[in-house]
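J.: From the sequence below, what's the structure:
(2 chains)
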Amino acid sequence: MSAVERPDGADAEAPRAVLVQDAEWEAEELARRCRLIEDPAVQGLPLLTRDYVTLLVATVLIPVLLIVIGNLT
Amino acid sequence: MSAPEASGEHVALQNGWPQTRGDRRWSGVTIFGTSIATAIATWCFLIGGFVSFYLTAVAGTFAILAGALIGMLFIVLALLPVCAKYGIDSAVSTRPQFGVRGSVLSVVMIYASTLGWNVILFIFMGRATSSIVRGFGATPPGWLTGAAGVVGVLLALFVLRKGPESLKDFGPPIAVLTLVLGVAVMILLIHKLGVGALLDAPAVAPTASRPVNWASGLEVLIASNLSWWAYTGGIVRNGPSARKSMWPLIAGLGLGVGVGSLAGFYAGLVIPTSGGDPTQFLLETGGNAVGVFLLVFVIVADLGTVVVGVYSSAIGLRQLPGLSKTSWNTTTLLAVLPAFVLVGFFPDAVFDRFGTFLAFLGVCFGPVCGIQIADYFGLRRQRLDAHALYDRTSAGAYHYWAGVNPVGLVAFAAGVATYLYLLDPVTYVSRAPFQYLTASIPSVTVAGLVYYLGARLILLPSGRGGYQRFLPGVGEPAPVPASATVPVRPAVGEAM
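T.: Below is the predicted model of the structure:
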C-alpha cells in the first residue's frame, strides 16, 4: 500500500510540535486510512455464521448447563 | 516496509485510527497471551474471594465459570466484529452510538476502569512487597505498601516507554507466569488444608435466599468480565481476523478470569478472613520460602497486567481533545498520574472499596455493550462509515446534535438506572428480579432496547446518524458515503 509521506521524514516518536505541516500530514494519513478501510479486502476478516453459533453455545448454552448442574449439586 | 509506512502505522496504532489488515501483526497466540496476561492478575483472587461470601465450593465453581462465559458474550458481540473489521479501539467504536464528541463518555469510563484496576494492582504489588519483607523476618513500615506501589507505577511507565509494540513481546511470558501462579496457589491450598476442608467450608456471608446467592456469584463474574470492554478493542484491532481472535479472547479474558478466580474463591472459603487476597495468606500457608517465591510471582504477574492497562488507558486518553498531540510518554504518564496519589497515600482506603468498584464496572459497561450490539447488528447491518468516525464537522454522519447523540445517552442512563434498581453497588442489596436475571443482563438488554427504539423513532426520521445507508425503506443505500468525499480535516490541536 502506498503511504502518505511524512514531511521531513519525521519519526512518529519525535516531539510533534503543533505545526500546520504536521497536522496536514496526519489529516491526509487519516483520510487515506479511512478510504482504505472501507474496502473489504483490507478489513479484518469477519466472523461467520458458524462462529456466532459456537459463540452462543459457549456463552449461553454452556453457562445455562453449568447453572443447572450447579443447582442440582 | 518503507519508513513512511512505518510512521503511518505507528501513528495509527497510537491514535486509534483504522489499521488495515496488513498493518496488524498479532497472531492468535499473541492475542491469547495478551488477553490472559490482562485477565489473570491478582484481582482474580479478590473477585473469587467476593464470590466466597455467597456460595460454597461446588456451587461457586459452577457459578464462576458460568458468569465468566456470560460476560464474554456481551464483550464479544459488542466489540469483536466492529473493532476487528475496522481496526479501531473500543472508544472509537462508540462514536456511532454516542456521537463524535459524546464518545468522550466511553473514554472517561475506560480511563476510570483501567485506572481502578491498575490502582488495585499497584496496591497489590505494595502489599506483596510488605509481605515479602515480613517473610524475611522484618517488620515492614506502614509507608512501604504505598511506596512499593509507586515503584510499580514507575516500572510500568518504563516498560511502555518505547510504545505499544513492547506489549507484543511482553504478554505471552507473563501469561505463563500468571497461570503457574494460580495453579501453584491452588495446589498449595489443597495440599495444606485438604479437599475435605474446602468442600465442607460454608459460604462466608451468604444471604438467606439461595437464588440471590447464585445471582450474586454470577453477577460478580459478569460485571468483572464486562470491564474487559475497555481492553478488548485495543487487543483485537491488532489481529487480522475476528475469527482467529474470538477463541483466544474468550479463553484468555473470559475463562482466564474464571479459572484465575477459583484460587481466590477457594482461599476465601478456607481462610475466611483473607477475602481471597494471597498477600494475606501465602506466608502462613506456604511458609516463608514458598510464600516469598509466590509473592514475587504476584508482583511480576501484576506488572504484566498493568502494562496492558496503562496502554489501554493511554490510547483512550489520546481520543480526548487536546491530548492527541502529546507524546506517547506524556500520555502514559497522564494515564497513571492519579495512581501516584491513590496508591502512594490511600492504599488501604482504596483497597477496601473493591466491591463497589466491581459494581461500577457492571453499571457502566453493561449498557454500553447493549447499545453497541443493538446499533451494529440491529440498525447498521454491521457497517460503519469510517470517515465519519473522525469527522467532527457538522456534515459528519456521527455528528448528531453538536457532536452528541442524545438517544445514546438516554439509553445509557436507562441501562444504568436498571442496574441500580436491581442491585445497590455499595451495599450489594438486591431487588427482584435480580435473583433470576442478575443486574448486568437486564441492564444490557434495557439499554439496547431503548437505543433501538430511540433510533427508530427519533434518529431515522431526523436523518441523523448515517442510518439511511443501511436500512431498507429509509432510503436507497448510497454507493459512496457522503462524508467519504469530504477530506478529514481536523482543526490543528483537535483530537481526531
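J.: State the distance from the spatially closest residue to B:Gly252 that is not a sequence neighbour to B:Ala147.
T.: Distances taken as CB to CB, 6 or more residues apart in numbering or on different chains place B:Ser35 nearest to B:Gly252, at 2.6 Å, with adjacent residues excluded. (C-beta placed from N, C-alpha, C; glycine too.) Using CB to CB, to the nearest Å, B:Ser35 is found at 31 Å from B:Ala147.
J.: So what's the residue count around residue 58?
T.: Picking chain A for this. Residues near A:Ala58, counting by other CB atoms under 10 Å in any protein chain shown, number 20.
J.: that answer is for a different chain, and I need it for chain B
T.: 13.
J.: Could you verify my assumption that it touches A:Ile69?
T.: No - judged on CB atoms under 8 Å, B:Val58 makes no contact with A:Ile69 at a distance of 9.5 Å.
J.: Compare B:Ser35 and B:Ala147 and say which is more crowded by neighbours.
T.: Counting neighbours by other CB under 10 Å for B:Ser35 and for B:Ala147 shows that B:Ser35 has the greater number, 28 against 17.
J.: who's in contact with B:Val76?
T.: A:Leu55, A:Thr59, B:Met246, B:Leu249, B:Ile250 (CB atoms under 8 Å, 6 or more residues apart in numbering or on different chains).
J.: let's go with 10 Å and repeat that
T.: A:47, A:51-52, A:55, A:58-59, B:228, B:232, B:236, B:242, B:245-246, B:249-250, B:253-254, B:369, B:373 (CB atoms under 10 Å, 6 or more residues apart in numbering or on different chains).
J.: How about residue 38, nearest residue that isn't a chain neighbour?
T.: Assuming you mean chain A. The nearest residue in space to A:Glu38 (CB to CB, 6+ apart) is B:Ala386, at 5.5 Å.
J.: try again with chain B
T.: Using CB to CB, 6+ apart, the closest residue to B:Thr38 is B:Val308 (4.7 Å).
J.: what do you get for B:Phe62?
T.: Nearest to B:Phe62 is A:Gly70, by CB to CB, 6+ apart, at 2.9 Å.
J.: Quickly note the distance from the one you found to B:Trp26.
T.: The gap separating A:Gly70 from B:Trp26 is 35 Å, by CB to CB.
J.: likewise B:Leu294?
T.: B:Leu294 is 30 Å from B:Trp26, by CB to CB.
J.: Does anything pack onto the helix or strand where B:Leu249 lies? Which helices or strands?
T.: Take DSSP states H and E as the rule and B:Leu249 turns out to sit in helix B:242-249. Secondary-structure packing of helix B:242-249 (3 or more CB pairs under 10 Å, 6 or more residues apart in numbering or on different chains; DSSP states H and E): helix A:49-56, helix B:28-39, helix B:57-86, helix B:229-236.
J.: helix or strand right after it?
T.: helix B:256-270.
J.: That next one versus helix B:28-39: what angle between them?
T.: 30 degrees (axes from the mean of the first three to the mean of the last three CA atoms, to 10 degrees).
J.: What mean pLDDT does helix B:256-270 get?
T.: Computed over helix B:256-270, the mean pLDDT rounds to 87.
J.: now it, how far from the centre of its chain.
T.: 19 Å (CA atoms, centre = their mean, to the nearest Å).
J.: now stretch B:320-339
T.: 19 Å.
J.: which of the residues in the helix or strand hosting B:Glu284 are buried?
T.: Secondary structure from DSSP H and E places B:Glu284 in helix B:282-317. Residues of helix B:282-317 classed as buried: B:282-283, B:285-286, B:291-292, B:294-295, B:297-317 (neighbour count, 16 or more other CB atoms under 10 Å in any protein chain shown).
J.: go on, stretch B:363-370?
T.: By 16+ other CB under 10 Å, the buried positions in stretch B:363-370 come out as B:Val363, B:Cys364, B:Phe365, B:Gly366, B:Pro367, B:Val368, B:Cys369, B:Gly370.
J.: quick revisit: tell me if I'm right that the residue nearest to B:Thr38 and B:Ser35 touch.
T.: Yes - counting by CB atoms under 10 Å, B:Ser35 is a contact partner of B:Val308 at 9.2 Å.
J.: now the helices for chain A?
T.: For chain A, applying DSSP state H gives helices covering A:20-37, A:49-56, A:62-72.
J.: Redo those helices as CSV? Include mean neighbour count.
T.: Formatted as CSV, the helices of chain A follow (neighbours: other CB atoms under 10 Å in any protein chain shown):
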stretch, mean neighbour count
helix A:20-37, 20
helix A:49-56, 13
helix A:62-72, 16
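J.: can you redo those helices as a markdown table with mean pLDDT and distance to B:Leu262?
T.: As requested, the helices of chain A are arranged in a markdown table below (pLDDT from 0 to 100; distance: least, CB to CB, whole Å):
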| stretch | mean pLDDT | distance to B:Leu262 |
| --- | --- | --- |
| helix A:20-37 | 83 | 41 |
| helix A:49-56 | 96 | 23 |
| helix A:62-72 | 93 | 13 |
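J.: how about those, which one is nearest B:Ala68?
T.: helix A:62-72 (8.5 Å; CB to CB).
J.: one step back: quick check: the residue nearest to B:Thr38 vs B:Val92, distance?
T.: Applying CB to CB, the value for B:Val308 to B:Val92 is 18 Å.
J.: measure the closest residue to B:Met109 other than its chain neighbours to chain A for me?
T.: Excluding its sequence neighbours, the residue lying closest to B:Met109 (CB to CB, 6+ apart) is B:Cys364, at 4.8 Å. Distance from B:Cys364 to chain A, counting by CB to the nearest CB, to the nearest Å: 20 Å.
J.: quick check, B:Cys364 in a helix?
T.: Yes - the assignment for B:Cys364 (DSSP: H, G, I helix; E, B strand; the rest coil) places it in a helix.
J.: Hmm, it is touching B:Phe412, no?
T.: Yes - using CB under 10 Å as the test, B:Cys364 is close enough to B:Phe412 to be in contact (8.6 Å).
J.: Now for those two: what residues contact both?
T.: B:Leu105, B:Ser106, B:Met109, B:Ser443.
J.: Which of the helices or strands spans the second one?
T.: For B:Ser106, the element it lies in under DSSP H and E is helix B:104-135.
J.: how much does the helix or strand that that helix is followed by deviate in direction from helix B:282-317?
T.: The helix or strand immediately downstream of helix B:104-135 is helix B:144-159, counting by DSSP H and E. Angle of helix B:144-159 versus helix B:282-317, following the same axes, to 10 degrees, is 50 degrees.
J.: What helices and strands are in contact with helix B:144-159?
T.: Identification of packing neighbours for helix B:144-159 by 3+ CB pairs under 10 Å, 6+ apart yields helix B:104-135, helix B:166-193, helix B:282-317, helix B:328-345, helix B:347-351.
J.: wait, isn't B:Gly370 in contact with B:Gly408?
T.: No - B:Gly370 is beyond contact range of B:Gly408, at 11.1 Å (criterion: CB under 10 Å).
J.: which residues are in contact with both of these two?
T.: B:Ala447, B:Val450, B:Tyr451.
J.: And the residues you listed, which is closest to B:Ala397?
T.: B:Tyr451 (16.6 Å).
J.: Now do that closest one against A:Leu55, distance only.
T.: B:Tyr451 is 22 Å from A:Leu55, by CB to CB.
J.: Fine by me, thanks again.
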